[in-house]
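Asks: one predicted model, sequence on top.
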Amino acid sequence: MSLNVTVYFDVASTAPLHPVARQALTAALDEGWADPARLYRSGRQARMLLDAARETVAEVIGCRADEIAFTSSGTQAVQLGVLGALRGNRRRGGHLAHSAVEHSSVLHSAERHLAEGGEVTSVPVDRHGRVDPEEFAAALRPDTALAVLQSANHEVGTVQPVAEVAALRGEVPLLVDAAQSAGRVDLPTGWSLLTASAHKWGGPAGVGVLAVRKGVRHVSPLPADEREAGRVPGFVNVPAIVAAAASLRAVRAEAERENARLHELVERIRARVPRLVPEVEVVGDPVRRLPHIVTFSCLYVDGEVLLGELDRAGFAVSSGSSCTSSTLTPSHVLAAMGVLTEGNVRISLPFGTAGADVDRFLTVLPELVAGVRAPLGLDLPAPAAARESDGGPLVLDALGKRCPLPVIELAKRIGEVPVGGTVVVLADDEAARLDVPAWCGMREQEYLGEAPAAEYGGDRGSAYLVRRVS
């Protein structure tokens, strides 16, 4: 049943406008509307407000005010930072290195770099979504023009070892995407360029931050413009920037008090969800993580369907599910981690979250998950096995079936083979390539690899081989 009041658990996507931001925005609309490049009174007033905002942001980030440029979004900040640093360091070479779990803005910039003849290395992560500092450093080459490593992951909250990587990177410039961290936790040291986004910390949408250390080569990939040190063309939105700076300072002050409380609430979710809901995997680093984000994956559940049920129950959460209704594309973050990409739910708690709201979420979740699973027939008798006549493996035909049906079939039927026996899943859904190995890791079964479907009677797709261990 739908509730009139929705509990918002999705600040990793965007945070509600902070009251301080609203107050500063209203005042700045009256005082900072003029062109800050002009010398008349209203222009000078706007310039004073812009300069003060720049100094506030620089103080929180930990850099000089003249190293800060304001962009129209966090995505634009990343793209201008990546492409500008690559252009500025062309003499070093054309190689870009980044972690496999960066935000799509980095991946899209890397695609453009590749299309223009550059080279890109994607550094793998462990099952918690964290890079190994030495492995990241080993990916850097004499011709590496830029390395990119987020401060913390946007989908699972894992904090990256930025300082350790920075200590090993030598002279290679390092861009840090701090969109999820800025305002909430202390930012890492050792970066050359840093990006952030105001709407993630409770500022207005439409304000991004690009910080470039003095001495770091950066050439804007866009036509020259005299605004923002030549890095970002166009008229700046002074009122929005003022509101972003004011809210950043307020949020950073609140974080000292709120982080411990949010960390405790997240720990409550991390501990109780696996006990309340069968076949659930909590993903992300359990220790080195942001205090407000927790992500878990439910086996045999369509993530978008579950999100719809949670919305009707009065909870706004997000999903990195492979089975999104729009693209049917697996989350590249979860895929890189080697964890389940189905039935994924990300909860990111805003400041002021009530413990009662978390407890109510934990009360309704088990029933909703059970309701989503019920029509899938997990408790129905398994159909007759499609076995090879010579007593070979159990072959499951999941061709034409979309996530999560292939792994549902696998879970239902693996008990039909003895321990040591093999199950072959035929599937043409791309998500199965990720989900079958992830299911094996979660259920402690042995994944034997992939083979052409034709070897097991399939006319398309692939065959995924699983050995029953227990």
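Replies: Done, it's in.
Asks: which SS class is the closest residue to Ile61 other than its chain neighbours?
Replies: Nearest non-adjacent residue to Ile61, counting by Cβ to Cβ, 6 or more residues apart in numbering: Ala211, 5.8 Å away. All C-beta spots, glycine's among them, are computed from the backbone N, C-alpha and C. Secondary structure for Ala211, judged by DSSP: H, G, I helix; E, B strand; the rest coil, is strand.
Asks: going forward can the numbers begin at 802, since that is how I track them
Replies: Will do, 802 is the new start, and the previous item becomes Ala1012.
Asks: who touches Ala1012 in this structure?
Replies: When contacts are counted by Cβ atoms under 8 Å, 6 or more residues apart in numbering, Ala1012 touches Ala859, Ile862, Cys864, Glu868, Ile869, Ala870, Leu994, Leu995, Thr996.
Asks: which SS class is the first one?
Replies: What that stands for is Ala859. State at Ala859, reduced to three classes by three-state DSSP: helix.
Asks: quick one: the nearest residue to it once chain neighbours are set aside from Glu856, how far?
Replies: Using Cβ to Cβ, 6+ apart and skipping the chain neighbours, the partner closest in space to Ala859 is Ala866 (4.4 Å). Distance, Ala866 to Glu856, using Cβ to Cβ, to the nearest Å: 5 Å.
Asks: what about the residue nearest to Ala859, how many neighbours?
Replies: When counting by other Cβ atoms under 10 Å, one arrives at 14 neighbours for Ala866.
Asks: now the one 10 residues further on
Replies: Neighbour count for Thr876, taken as other Cβ under 10 Å: 19.
Asks: same check, this time on the one 4 residues further on
Replies: Counted with other Cβ under 10 Å, the burial measure for Gln880 works out to 22 neighbours.
Asks: name the nearest residue to it, ignoring sequence neighbours.
Replies: Leaving aside its chain neighbours, Gln880 sits nearest to Ser910 (5.1 Å; criterion: Cβ to Cβ, 6+ apart).
Asks: ok, now Pro1238?
Replies: Residue nearest to Pro1238 in three dimensions, not counting chain neighbours: Tyr1248, with 4.5 Å by Cβ to Cβ, 6+ apart.
Asks: helix, strand or coil for that neighbour?
Replies: strand.
Asks: please give me every residue in contact with it.
Replies: Tyr1248 makes contacts with Val1237, Pro1238, Cys1241, Gly1242, Tyr1265, Leu1266, Val1267, as judged by Cβ under 8 Å, 6+ apart.
Asks: low-confidence bits of the stretch 1002-1151 of the chain, can you list those?
Replies: The model of the stretch 1002-1151 of the chain has pLDDT under 70 over residues 1121-1129.
Asks: and the helices in it, which stretches?
Replies: 1039-1077, 1104-1113, 1133-1138 (DSSP state H, counting those that start in this stretch).
Asks: how far away is the residue nearest to Asn1038 when sequence neighbours are not counted from Leu818?
Replies: Using Cβ to Cβ, 6+ apart and skipping the chain neighbours, the partner closest in space to Asn1038 is Gly1007 (6.3 Å). From Gly1007 over to Leu818 the distance is 12 Å, taken as Cβ to Cβ.
Asks: tell me which of the helices of the stretch 1002-1151 of the chain sits nearest to Ala825.
Replies: Closest to Ala825 of those is helix 1039-1077 (Cβ to Cβ; 3.8 Å).
Asks: still on that earlier bit, and the residue nearest to Asn1038, what does it touch?
Replies: Counting by Cβ under 8 Å, 6+ apart, the residues that Gly1007 touches are Ser873, Ser874, Ala999, His1000, Asn1038, Ala1041.
Asks: farthest pair within the residues you listed?
Replies: Using Cβ to Cβ, the contacts of Gly1007 span at most 12.8 Å, a distance reached by His1000 and Asn1038.
Asks: the two: which has the busier surroundings?
Replies: Ranked by neighbour count (other Cβ under 10 Å), His1000 and Asn1038 place His1000 first, with 23 against 18.
Asks: contact partners for Ala828?
Replies: Counting by Cβ under 8 Å, 6+ apart, Ala828 has contacts Val1043.
Asks: returning to that earlier point: between His1000 and Asn1038, which contacts overlap?
Replies: Taking Cβ under 8 Å, 6+ apart as the contact rule, His1000 and Asn1038 both touch Gly1007, Val1008.
Asks: quick one: secondary structure of Ser923?
Replies: strand.
Asks: picking up where we left off before, and the residue nearest to Ile862, how close does it get to Phe871?
Replies: 10 Å.
Asks: what's the answer for Val1102, then?
Replies: Noted for Val1102: a distance of 41 Å to Phe871, by Cβ to Cβ.
Asks: one more: Glu1217?
Replies: 61 Å.
Asks: those two: who's more crowded?
Replies: Counted by other Cβ under 10 Å, Glu1217 and Phe871 do not tie: Phe871 has more neighbours, with 26 against 15.
Asks: and the more buried one, backbone torsions?
Replies: Taking degrees, to the nearest 10, you get phi -100, psi 130 for the backbone angles of Phe871.
Asks: just for the stretch 802-951 of the chain, where's the confidence low?
Replies: Residue ranges of the stretch 802-951 of the chain with pLDDT under 70: 802-806.
Asks: that older thread, what about the contacts of Tyr1248, which one has the most neighbours?
Replies: Top of the contacts of Tyr1248 by neighbour number is Tyr1265, holding 28 neighbours under the definition other Cβ under 10 Å.
Asks: doesn't it lie inside a strand?
Replies: Yes. Counting by three-state DSSP, Tyr1265 is found in a strand.
Asks: residues contacting it?
Replies: Residues near Tyr1265 by Cβ under 8 Å, 6+ apart: Pro1207, Val1225, Val1226, Ala1228, Ala1233, Arg1234, Val1237, Pro1238, Tyr1248, Gly1250, Glu1251.
Asks: columns secondary structure and distance to Leu826 on top of the residues you listed, output as a markdown table?
Replies: Converted to a markdown table, the contacts of Tyr1265 look like this (DSSP: H, G, I helix; E, B strand; the rest coil; distance: Cβ to Cβ, whole Å):
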| residue | secondary structure | distance to Leu826 |
| --- | --- | --- |
| Pro1207 | helix | 49 |
| Val1225 | strand | 60 |
| Val1226 | strand | 54 |
| Ala1228 | strand | 51 |
| Ala1233 | helix | 48 |
| Arg1234 | helix | 47 |
| Val1237 | helix | 50 |
| Pro1238 | helix | 48 |
| Tyr1248 | strand | 53 |
| Gly1250 | strand | 56 |
| Glu1251 | strand | 54 |
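Asks: would you mind writing the PyMOL command to select the buried ones in those?
Replies: In PyMOL, a selection of the buried entries from the contacts of Tyr1265 looks like this (16 or more other Cβ atoms under 10 Å):
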select buried, resi 1207+1225+1226+1228+1233+1234+1237+1238
